[in-house]
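*Asks:* Sharing a sequence plus its predicted fold:
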Amino acid sequence: MDKNHINKLWIFLLAFTFIIPLTSAAYVTVPNKVVNQSQVFNINISIDPLGNPISGAQLDFAFNPSMFKVNSISEGNLLNQNGATTFISKGIINNTTGNVKNIFNVILGNKSVSP
């Protein structure tokens, strides 16, 4: 990957941290990552509810389709860490327009987590 693509990746990751809608009591982290052209990589999005109990999270993911392609979305362990049953919507991936819409994960039942 040339320097121009690496710079665009950094700008993308920085911009992405600001397009995730947040509630007033959460902190979302998207790590910076440098990758080579055609390399398959994961982006782990972390949510810190700042000690507040939560029972779900939602986001839409935007990206530059000339540089990236989303292969899959998977559930982490934030909401099911205390044995809670969860439901995940892996969203609708559109690699042509560069977005994944309606990604959400919720706890089913009367539970919440406070990491």
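*Replies:* Ah, there it is. Residues are numbered from 1 along each chain as shown.

*Asks:* What pLDDT is listed against the residue sitting nearest the centre point of the chain?
*Replies:* Nearest to the mean C-alpha position of the chain, by C-alpha atoms, centre = their mean, lies Ile45 at 4.2 Å. With respect to pLDDT, Ile45 has a value of 82.

*Asks:* show me where this protein has helices.
*Replies:* Ranges of helices in the chain, per DSSP state H, are 3-19.

*Asks:* thinking again about what came up before, the residue nearest to the centre of the chain against Leu59, yeah?
*Replies:* Yes: assessed by C-beta atoms under 8 Å, Ile45 is found in contact with Leu59 at 7.2 Å. Where C-beta positions appear, they are placed from N, C-alpha and C, glycine not excepted.

*Asks:* Now do the contacts for the closest residue to Val106 other than its chain neighbours.
*Replies:* Residue nearest to Val106 in three dimensions, not counting chain neighbours: Gly56, with 3.7 Å by C-beta to C-beta, 6 or more residues apart in numbering. Gly56 makes contact with Leu79, Phe104, Asn105, Val106, Ile107, according to C-beta atoms under 8 Å, 6 or more residues apart in numbering.

*Asks:* hmm, 10 Å instead?
*Replies:* Leu79, Thr86, Phe87, Phe104, Asn105, Val106, Ile107, Leu108, Ser112 (C-beta atoms under 10 Å, 6 or more residues apart in numbering).

*Asks:* ranges for the strands of this protein?
*Replies:* 27-29, 46-48, 56-62, 85-94, 99-108 (DSSP state E).

*Asks:* Which strands border the last one, and is each parallel or antiparallel?
*Replies:* Looking back up the chat, that one is strand 99-108. Partners of strand 99-108 in the sheet, by DSSP bridges, are strand 56-62 (antiparallel), strand 85-94 (antiparallel).

*Asks:* That concludes my questions; thank you for your assistance.
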